[in-house]
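> When you get a sec, could you give me coordinates for this:
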Amino acid sequence: MADGNGDPNSGPAARGTTGTLSAEHLVRFWELSLALMGVGNYDGYFTLVNPAYQELLG
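Next up, the predicted model:
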């Protein structure tokens with residue numbers, strides 16, 4: 001949801017009470033996203049992947 005200035009990252013649904021994204025929102029986004037998302041290290045290995053990988057690859 002965008003704010004009055006058109007910024008999609010500042011609407012009330014995306015922000016906690018402090019005006020920043022809460023950890024709960026980020027965890028929920030990570031766990032429920034259908035997109036394949038991962039975090040890798042400089043050696044080229046994934047250190048963390050979201051549950052969508054298991055849904056796709058089994």
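> so who does residue 31 touch?
50, 51 (C-beta atoms under 8 Å, 6 or more residues apart in numbering). No exception for glycine: its C-beta is placed from N, CA and C like everyone else's.
> Low-confidence regions, the chain specifically.
By pLDDT under 70, the weakly predicted segments of the chain are 1-19.
> Could you pull out the helices in it for me?
23-32, 52-57 (DSSP state H).
> Could you dump these into CSV and include distance to residue 44?
Shown next, in CSV, are the helices of the chain (distance: least, C-beta to C-beta, whole Å):
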stretch, distance to residue 44
helix 23-32, 21
helix 52-57, 16
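> who's in contact with residue 35?
Here residue 35 is in contact with 50, 52 (criterion: C-beta under 8 Å, 6+ apart).
> next one: phi and psi at it?
phi -80, psi 150 (degrees, to the nearest 10).
> quick one: it and residue 27, what's the gap?
Using C-beta to C-beta, to the nearest Å, residue 35 is found at 15 Å from residue 27.
> Noted, bye for now.
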